[in-house]
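1. Need a 3D model of the sequence below.
(one chain, ligands or ions: 1)
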Amino acid sequence: MKQQYWYGHDFPALVESDGDLAVYLKSNRAEVDQLLKNAGAVLFRGFDVASPEGFDEAVGAYGDDNFAYKESLSNAVRINVTPRVFTANEAPPETSIYLHHEMAQTPIYPSKLFFYCQIAADKGGATPLCRSDILLEKLAMEEPEIVDAFAAKGVRYSSTMPLENDAGSGQGRSWRSTLNCEDKAGAEARLQALGYEWTWGEDQSLRATTPVLKAVRQLDDGRRVFFNQLIAAYRGWSDSRNDASKSISFGDGTPITPDHMASGIRLADELSFDLKWQPGDVALIDNFAVMHGRRPFEGKRRVLASLIK
Ligand code: FE2
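-> Just a heads-up that it's a prediction; the model follows:
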């Protein structure tokens, strides 16, 4: 595997062993966290995790609190396999899921993500990874005024959620599931508490717009990252209910134009590392430092996820 190399460290970091991943993670926590800090992503290969239950056990052995899908505002349809483990996204194989920080389009997001490949696709299906700090660094050199605008104004996301789950869409999670509520009154109470604005559609769909969220974040170590879902929303939030071009605006309501997005998209594509899965692989991603996505694929692919608070 040919990795990228940034500031003295391979990206992603690679840990290869034929041991038991749960045992490894339990006894090497400090070392794993150092690799994660240096690289932003760690691939565990050769441990050959055999089942979702084995993955669940490994995540449990790592020891941090689980971030439950049920309580998240993720817009992806997902199915829980074990209490800690769920399908990564039920969107159809031909759909690209563009680079994003997990749930950065909501006020509540996980700090780390575990992925597990149970079945690798026949063709395609890699998980592109992109160092968000490097992206921001390069974007700031090319287009300082755009980075300044994103940093100063922040961003608001809008999406239309269906009444029932639509697994045919990457953004198909129903509003009842997304907002973890039973009815319209429950949905409105949750949106109100989160500071969202909303309108109801005639088909009982719900269009919601987030409060102003940061588009650029500074990490504890001083690095700045492009922590948002701008690329994924702008390129991918398109289905029978959603028009991707209407999914994002600056925090002050002014439009985000193709010109605002072009350099960031090109740089992110250039910086992407395609993690080509082998069955039994597990990866750990720092959600603040690294973006991820999903390439289209052919055949059966089963990549499961588990999120850390
Ligand atoms: Fe994701």
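2. Ala58: which element?
-> When secondary structure is defined by DSSP states H and E, Ala58 falls within helix 52-62.
3. starting at the chain centroid, how far to that helix?
-> Offset of helix 52-62 from its chain centre (CA atoms, centre = their mean, to the nearest Å): 20 Å.
4. now stretch 69-77
-> Remark: stretch 69-77 is offset 11 Å from the chain centroid, using CA atoms, centre = their mean.
5. outside of that stretch, which residues touch it?
-> By CB atoms under 8 Å, 6 or more residues apart in numbering, the residues outside stretch 69-77 that reach it are 78, 80, 86, 89-91, 102-103, 105-108, 110, 159, 161, 165-167, 169-173, 177-180, 194, 307. C-beta here means a position set from N, CA and C on the backbone, and glycine is covered the same way.
6. picking that back up, list the buried residues in the helix holding Ala58.
-> In terms of neighbour count (16 or more other CB atoms under 10 Å), helix 52-62 has its buried residues at 52, 54-62.
7. For the closest residue to Glu298 other than its chain neighbours, give me phi and psi.
-> In space, Glu298 comes closest to Lys123 once its chain neighbours are excluded; the distance is 4.2 Å by CB to CB, 6 or more residues apart in numbering. Main-chain torsions, Lys123, degrees, to the nearest 10: phi -150, psi 140.
8. is it true that Lys123 touches Gly299?
-> Yes. At 6.4 Å, Lys123 counts as touching Gly299 under the criterion of CB atoms under 8 Å.
9. Could you look up the SS state of the residue of the chain positioned farthest from its centre?
-> Residue farthest from the centre of the chain, counting by CA atoms, centre = their mean, is Glu202 at 30.7 Å. Using DSSP: H, G, I helix; E, B strand; the rest coil, the structure places Glu202 in coil.
10. Quick check: it vs Arg241, distance?
-> Per CB to CB, to the nearest Å, Glu202 is found 12 Å from Arg241.
11. Looking at this structure, which helix is longest?
-> Secondary structure of the chain per DSSP state H: the longest helix is helix 258-271.
12. Which residues does that one contact?
-> By CB under 8 Å, 6+ apart, the surrounding residues in contact with helix 258-271 are 4, 99, 130-131, 134-135, 138-139, 142-143, 146, 149-150, 226, 230-231, 234-235, 291.
13. In that helix, which residues are buried?
-> 260-261, 263-265, 267-268, 271.
14. so where do the helices sit in the stretch 151-300 of the chain?
-> 175-178, 184-194, 230-236, 258-271 (DSSP state H, counting those that start in this stretch).
15. which residues sit against the first one?
-> Taking CB under 8 Å, 6+ apart as the criterion, the residues outside helix 175-178 that touch it are 73-75, 77, 161-163, 165, 181-183, 187, 205-206, 208.
16. who wins for neighbours among these?
-> Counting neighbours by other CB atoms under 10 Å, Asn75 leads the contacts of helix 175-178 with 27 neighbours.
17. Give me the nearest residue to that residue, chain neighbours excluded.
-> Gln171 (4.5 Å).
18. Just the pLDDT at that neighbour, thanks.
-> In this model, Gln171 is scored at 86, pLDDT.
19. Tell me, what's the model's pLDDT at the spatially most central residue of the chain?
-> Nearest to the geometric centre of the chain sits Glu102, at 2.7 Å (CA atoms, centre = their mean). Note on Glu102: pLDDT of 95.
20. Ok, the one 10 residues further on next?
-> In this model, Lys112 is scored at 98, pLDDT.
21. which ones are touching it?
-> By CB under 8 Å, 6+ apart, the contact set of Lys112 is 36, 64, 284-287, 307-308.
22. again, 6 Å this time
-> Contact criterion CB atoms under 6 Å, 6 or more residues apart in numbering gives 286-287, 308 as the residues in contact with Lys112.
23. now do Leu275
-> Taking CB under 6 Å, 6+ apart as the definition, contacts of Leu275 comprise 126-127, 129.
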